[in-house]
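Peer 1: Show me the folded form of this:
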Amino acid sequence: MKNLKNIILGGLVTGVLLVPTGPASAETKAGNHDFRRNDKWGHYERRDSYHRPGSSYNRRYDNHNYRRDVHHDNRGHHNKPEIRQDFKDIRNARNEVKSDRQELRGDYQELRKDRAELRRDIRNGASKEEIFKDRQEIRDDFKEIRKDQTELQHDQGTLQSARRELKADLHK
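Peer 2: Below you'll find the model as predicted:
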């Protein structure tokens, strides 16, 4: 019985202490209009709406419009002949890298076919001459792959240097 009285008394004291804070926490700061109706059709205004005058968005961009300045400062850089040439160089280097990768994929595919043919010939008991020819084809495939890999690395280096050149020209 004593425990029950203590629980009830504790609940009442807690309620009495919390009731006065309710209305104070429901009010908003002046001028914030926290989701209150702002027109007769029942639309609500966003809390941080940049359409509202005096919001943090407008204060930040009212005096200085950064986007417009960036646009004007960087305007027309594509019209310079050296910049256009840099873009062409990058496009050509990308196409070279793309074709080298396709060529390398084709070489690897050819190597897989030749290896499968060698396994099939060994399983079927082909002659030594035929097995020798298959192994020679595989060696030739490896040489072609090595050649294409070095060509790909060279073209990737060309692409990187073209990108560096464009970046340097844009910073001028």
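Peer 1: pLDDT below threshold where in this protein?
Peer 2: For the chain, the stretches flagged by pLDDT under 70 are 22-78.
Peer 1: What is the burial count for N79?
Peer 2: N79 is surrounded by 8 other residues when neighbours are defined as other C-beta atoms under 10 Å. Where C-beta positions appear, they are placed from N, C-alpha and C, glycine not excepted.
Peer 1: And for the one 4 residues further on?
Peer 2: Counted by other C-beta under 10 Å, the residues lying close to I83 total 16.
Peer 1: what packs against the one helix or strand it maps to?
Peer 2: Here I83 is covered by helix 81-124, with elements defined by DSSP states H and E. Helices and strands touching helix 81-124, by 3 or more C-beta pairs under 8 Å, 6 or more residues apart in numbering; DSSP states H and E, are helix 128-171.
Peer 1: and the angle from the helix it packs on to helix 81-124?
Peer 2: On the basis of axes from the mean of the first three to the mean of the last three C-alpha atoms, to 10 degrees, helix 128-171 is oriented at 160 degrees to helix 81-124.
Peer 1: and helix 128-171, what does it pack onto?
Peer 2: In terms of contact count using 3+ C-beta pairs under 8 Å, 6+ apart, helix 128-171 is assigned the packing partners helix 81-124.
Peer 1: quick one: contacts for the nearest residue to F142 once chain neighbours are set aside?
Peer 2: By the measure of C-beta to C-beta, 6 or more residues apart in numbering, the closest residue to F142 outside its immediate chain neighbours is L111, 7.2 Å from it. Contacts for L111 (C-beta atoms under 8 Å, 6 or more residues apart in numbering) come out as 138, 141-142, 145.
Peer 1: Just the buried residues of those.
Peer 2: With burial judged by 16 or more other C-beta atoms under 10 Å, the buried subset of the contacts of L111 is 138, 141, 145.
Peer 1: hang on, the earlier thing: turn the contacts of L111 into JSON lines, including distance to E130.
Peer 2: Rendered in JSON lines, the data for those read as follows (distance: C-beta to C-beta, whole Å):
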{"residue": "I138", "distance to E130": "13"}
{"residue": "D141", "distance to E130": "17"}
{"residue": "F142", "distance to E130": "19"}
{"residue": "I145", "distance to E130": "23"}
